[in-house]
Every structure is written in structure tokens, then in C-alpha cells.
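Participant: Task: produce atomic coordinates for the following.
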Amino acid sequence: MSSRPLTAALPSSSLPARSGDQFAHELAALVDDIQRTRDWFNTQLDTQLASLHQLRTAMQESKQPVFSPSMATLFEAPRPVTPPPDPEPPPPAANSIRTVHQAIILPPTLTTTLDPQLEQATLHELNNALARAFSEISSRGGMLG
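Facilitator: Presented below is the predicted three-dimensional model:
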């Protein structure tokens, strides 16, 4: 067995060297940023859970159906519901490292068009099936009866 002398490779002098204090400061800033983000998400979840608990309590107390459509409004188109805007996450600290995420959206690979005759035949078949279903429901006394 031959013994070779151990040699350590020193970093190149062209690379900027980080001091231990600077690296520790960057890590502390990252930890603080992650902690703030976690606290923000936990607050959002707690708010949503509280709302759901209130809704469940209100439903149990009232013992009435929350929504019972009348025959007049049963076949009306639903009104669009606009969701509330998403709250902004907390801003990062001034000394934190900013991470940029990128997304690549690829175009669809197969784009085919539906044969117009097949589309019309399918719509006609669906229309007939719905007409039969509604006539059967109405002969039984309606959906709410």
C-alpha cells in the first residue's frame, strides 16, 4: 500500500469569499422571511376555519335549508359570483434574499376540431335526452314536490 501525501484544494482566488458572519446574516434573513410567510398563511387558514365554524353553527341553530329554489328561479341561469381578491402575502424584509420563480407554459400539442355534423348530432341527442328527463320529472310532480 503506497502512502500519498494529502493535499487540500483551496478555493480559487477569483471567486468572492463569503465571511461566516455574512452567511449567518443571510441565513437569519431567510429564516425570518420564511417565518413571516408561515405566520401569514396560518392567519389566513385560521380566518377561514373561524368562518366555517360560524357557518356550521348558524346552520345547526336555524335547522332550515340554506337554499331552496322556487320553481320560478329553478331554470334561470345562475348569477356569476366574483370571488374576493386574494390578499397579498407579506412583503419581504429589506435585507432578505428575493427568489424569482419562473413558469414555462407550453402550447397544446394536438389541436383538432370537432366535425360539425358530429357536434350537431351530439347536441340533438343531448337535447332529446334532457327533454325526456324533464318530462319524466314533471310527470312525477316536479323536483321539489
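Participant: quick one: low-confidence ranges for the chain?
Facilitator: 1-18, 62-75, 77-78, 92-94, 96, 98-99, 111, 142-145 (pLDDT under 70).
Participant: Can you give me the neighbour number for Gln44?
Facilitator: 13 (other Cβ atoms under 10 Å). In this view, the C-beta of every residue, glycine as well, is placed from N, C-alpha and C.
Participant: how about it, phi and psi?
Facilitator: phi -60, psi -40 (degrees, to the nearest 10).
Participant: ok, and the closest non-adjacent residue to it?
Facilitator: Pro87 (7.0 Å; Cβ to Cβ, 6 or more residues apart in numbering).
Participant: Would you confirm that that neighbour contacts Thr47?
Facilitator: No - if you go by Cβ atoms under 8 Å, Pro87 and Thr47 don't touch, sitting 9.5 Å apart.
Participant: how far away is Arg132 from Leu49?
Facilitator: Distance, Arg132 to Leu49, using Cβ to Cβ, to the nearest Å: 45 Å.
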